[in-house]
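A.B. asks: sequence? don't have it. structure:
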């Protein structure tokens, strides 16, 4: 019999312990698979904006200012900030942060990102930044053209790029090979099949609890539900309203809901000539816009199409936001009244109505195609023949992109996670081509000097209270002029298997860093 020395025995025992420890660590690795409504369009944050892409951006990149799940703002890549004077902000940057490739994060990257954003399709993100200077490696000073009270809120939307890597890689390739400082790194992406992220173990805010996150695009609602119930995925986004009761009855699964910020809206073209309308555009007349508003029964849409899982919207932003006009309700101002709507159409010279096209998606908003069909039925009652042009979101955003040469009437959605109406009003209603970074998504070509002036005043005050008053005046003006019809706020509906910890965010982002799974 062969005997081992005491030293060898100790070494052997240690080896067994190490093997057991390694096996235990492997067993302890956590993973989660999430079913999304669509594949991201981009992984480069300056290439475009839509929900699936935004979800990925915030896994891969970080902003200077971080927006929490409840929409409060706090330190991100910037540890702190202060107003040096009315138009100068100083941001102290976090030290020791590295990009996924090992490059150090410095002030140079912040300067580069802001200047790069000016040249991108998202100049609105830096519209209120006049200049930026690197004071030292971990301090930047940002100057605004005028006093601007909500600059830190805006910077929660600006994701910081690695200047060296981005410049060497190029914009197009950045979509496939992103490089940020975020809690996760891109592992692989098979388009329209799955996207896998692995944990950034050196993340500055602490190692993620979940090691591997796989996102699967499942566009069909019924297929998404089936994927959850058969165990193919652990969480699904946008559970179909018709499946809510079914999932609740299934053992081992849970439905999680929360009110959404996403306001489904209808933008009306206000140009003299509109692409899908023969002759002059009737919607230049406010009476026609009011008639359309009075013909749309949002309560019926909620009850019949949304199964009660939506909230008819009374303004363009929720009551919690800066700029919400106290005591005003779109629904009370323009209650459903078909006879009144017909009178308005006749007064405007359109007793026999007119024909136009509605552009809408079939896979972006909850029951979006069904909502479009309901709108066509409702507007037929006032002799508006609404032709439906329904398409997948992958085609929709390019089709309706400003200057909107194709569209007369658009159903889309807008949310304001910054908690401030100014960003929405500056983007959606400010006169196009009048001021850099404003009117970028003004798809109805709306132009009102009074509205522009109120947004300018709001953006030029250092006082949040004054800003709120200016934006409330802007809200009142818009509610009276009706360039856009608010329909409803969606209810965010998720479903998950037991053992997955998910607390829905107000901004609808599914952020794996906030999640956990039971071992």
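C.D. replies: Nice, I can see it. Just so it is clear, the structure is predicted and the values come from calculations on it, not from any experiment.
A.B. asks: make it CA atoms for all contacts and neighbour counts henceforth
C.D. replies: OK.
A.B. asks: hey, what's residue 214 bridged with?
C.D. replies: residue 33, residue 196 (DSSP bridges).
A.B. asks: Now do it: how many residues are near it, please.
C.D. replies: Per other Cα atoms under 10 Å, the neighbour tally for residue 214 reads 20.
A.B. asks: Next up, the contacts around it.
C.D. replies: Counting by Cα atoms under 8 Å, 6 or more residues apart in numbering, residue 214 touches 31, 32, 33, 34, 194, 195, 196, 197.
A.B. asks: Among these, which pair sits farthest apart?
C.D. replies: 31 and 194 (14.2 Å; Cα to Cα).
A.B. asks: ok, back up a step: nearest to residue 319, of the contacts of residue 214?
C.D. replies: Looking across those and measuring by Cα to Cα, the closest to residue 319 is residue 34, at 31.4 Å.
A.B. asks: Go ahead and confirm the closest one touches residue 238.
C.D. replies: No - the pair residue 34 / residue 238 is not scored as a contact, 11.4 Å apart, by Cα atoms under 8 Å.
A.B. asks: OK, contacts around residue 216?
C.D. replies: Residue 216 touches 33, 34, 35, 36, 39, 192, 193, 194, 195, counting by Cα under 8 Å, 6+ apart.
A.B. asks: That one: which element?
C.D. replies: Assigned by DSSP states H and E, residue 216 belongs to strand 212-217.
A.B. asks: and that strand, average pLDDT?
C.D. replies: The average pLDDT within strand 212-217 is 98.
A.B. asks: any idea how far residue 284 lies from residue 212?
C.D. replies: Here the distance between residue 284 and residue 212 works out to 53 Å (Cα to Cα, to the nearest Å).
A.B. asks: Check residue 403 too.
C.D. replies: 41 Å.
A.B. asks: More neighbours: those two, which one.
C.D. replies: Each of residue 403 and residue 212 has its neighbours counted (other Cα under 10 Å); residue 212 has more, 20 against 14.
A.B. asks: Correct me if wrong: that one contacts residue 30.
C.D. replies: Yes - contact criterion Cα under 8 Å: residue 212 and residue 30 qualify, at 6.6 Å.
A.B. asks: Common neighbours of these two, please.
C.D. replies: By Cα under 8 Å, 6+ apart, no residue touches both residue 212 and residue 30.
A.B. asks: Compare the contacts of residue 216 and tell me which has the most neighbours.
C.D. replies: Result: residue 35 is most packed of the contacts of residue 216 (other Cα under 10 Å), 29 neighbours.
A.B. asks: Local confidence estimate at it?
C.D. replies: Model confidence at residue 35, given as pLDDT, is 98.
A.B. asks: What segments of the stretch 101-250 of the chain are strands?
C.D. replies: Taking DSSP state E, counting those that start in this stretch as the criterion, the stretch 101-250 of the chain carries its strands at 131-136, 139-143, 184-190, 194-199, 212-217, 235-236.
A.B. asks: Could you export those as JSON lines, including distance to residue 414?
C.D. replies: JSON lines is the format used below for the strands of the stretch 101-250 of the chain (distance: least, Cα to Cα, whole Å):
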{"stretch": "strand 131-136", "distance to residue 414": "29"}
{"stretch": "strand 139-143", "distance to residue 414": "28"}
{"stretch": "strand 184-190", "distance to residue 414": "27"}
{"stretch": "strand 194-199", "distance to residue 414": "26"}
{"stretch": "strand 212-217", "distance to residue 414": "22"}
{"stretch": "strand 235-236", "distance to residue 414": "22"}
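A.B. asks: Among the contacts of residue 214, pick out the one closest to residue 337, please.
C.D. replies: residue 34 (43.7 Å).
A.B. asks: Can you verify residue 492 is assigned to a helix?
C.D. replies: No - going by DSSP: H, G, I helix; E, B strand; the rest coil, the assignment for residue 492 is strand, not a helix.
A.B. asks: Can you give me every residue that contacts it?
C.D. replies: Applying Cα under 8 Å, 6+ apart, the residues near residue 492 are 238, 257, 258, 259, 260, 508.
A.B. asks: buried sites along the host helix or strand of the fourth one?
C.D. replies: Under the criterion of DSSP H and E, residue 259 resides in strand 253-268. For strand 253-268, burial by neighbour count (16 or more other Cα atoms under 10 Å) applies to 253-257, 259-268.
A.B. asks: for the record, mean pLDDT for the following helix or strand past it?
C.D. replies: With elements assigned by DSSP H and E, the helix or strand that comes after strand 253-268 is helix 286-295. For helix 286-295, mean pLDDT rounds to 98.
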